[in-house]
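**Student:** Quick one: sequence plus predicted model below, questions after.
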Amino acid sequence: MLKITVDVDGMQCGMCENHVNEAVRGAFPVKKVSSSHSKKQTVIITEQDIDEQELKAVIDGTGYESGAVRKEPYEKKGLFGFMK
């Protein structure tokens, strides 16, 4: 699995976060997506890599401005994940 973090500028409230989340969910096969207007970022968990330019185009299409995109491996933490 892959964790993709995108800087997003222009979100002001929870509805803005939801707008970005729904756009990403509608465009890509994601496991989880969450946005934070206070952190100015969207975090996506997915099994398949997502093209950076396509992702930025979807976010920009919502009226918000996408910035840097960071990708890193994601390992789901279970109940005893801290014992590793």
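**Tutor:** Structure received. Numbers count the residues shown, from 1 in each chain.

**Student:** Break down the chain into its helices, ranges please.
**Tutor:** Assigned by DSSP state H, the chain shows helices spanning 14-27, 52-60.

**Student:** could I get those helices as TSV with mean pLDDT and distance to Gly67?
**Tutor:** Heads up, the C-betas are built off the backbone N, CA and C, glycines and all. Compiled in TSV, the helices of the chain are given as follows (pLDDT from 0 to 100; distance: least, C-beta to C-beta, whole Å):
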stretch	mean pLDDT	distance to Gly67
helix 14-27	98	13
helix 52-60	98	9
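
**Student:** which residues in the chain form strands?
**Tutor:** Taking DSSP state E, the strands of the chain run over residues 2-9, 32-36, 41-46, 65-73.

**Student:** average model confidence for the longest one?
**Tutor:** Same thing as strand 65-73. The average pLDDT for strand 65-73 rounds to 97.

**Student:** any idea how far that strand is from the chain center?
**Tutor:** Relative to its parent chain, strand 65-73 has a centroid offset of 8 Å by C-alpha atoms, centre = their mean, to the nearest Å.

**Student:** which other residues reach it?
**Tutor:** 1-10, 49, 52, 55-56, 59-60 (C-beta atoms under 8 Å, 6 or more residues apart in numbering).

**Student:** tell me which residues in that strand are buried?
**Tutor:** Going by neighbour count (16 or more other C-beta atoms under 10 Å), the buried part of strand 65-73 is 66, 69.

**Student:** Then stretch 31-44?
**Tutor:** Neighbour-count burial for stretch 31-44, with 16+ other C-beta under 10 Å as criterion, is recorded at 33, 35, 37, 40-44.

**Student:** Looking at those residues, which is nearest Val20?
**Tutor:** Ser35 (4.8 Å; C-beta to C-beta).

**Student:** And for the closest one, nearest residue in space, chain neighbours not counted?
**Tutor:** In space, and not counting its chain neighbours, Ser35 is closest to Glu17: 3.8 Å by C-beta to C-beta, 6 or more residues apart in numbering.

**Student:** that older thread, now the two most distant members of the contacts of strand 65-73.
**Tutor:** In terms of C-beta to C-beta, these reach their longest pairwise distance at Met1 and Gly10, which sit 28.1 Å apart.

**Student:** Show me which of the two is the more surrounded one.
**Tutor:** Comparing Met1 with Gly10 by other C-beta atoms under 10 Å, the one with more neighbours is Gly10, at 15 against 12.
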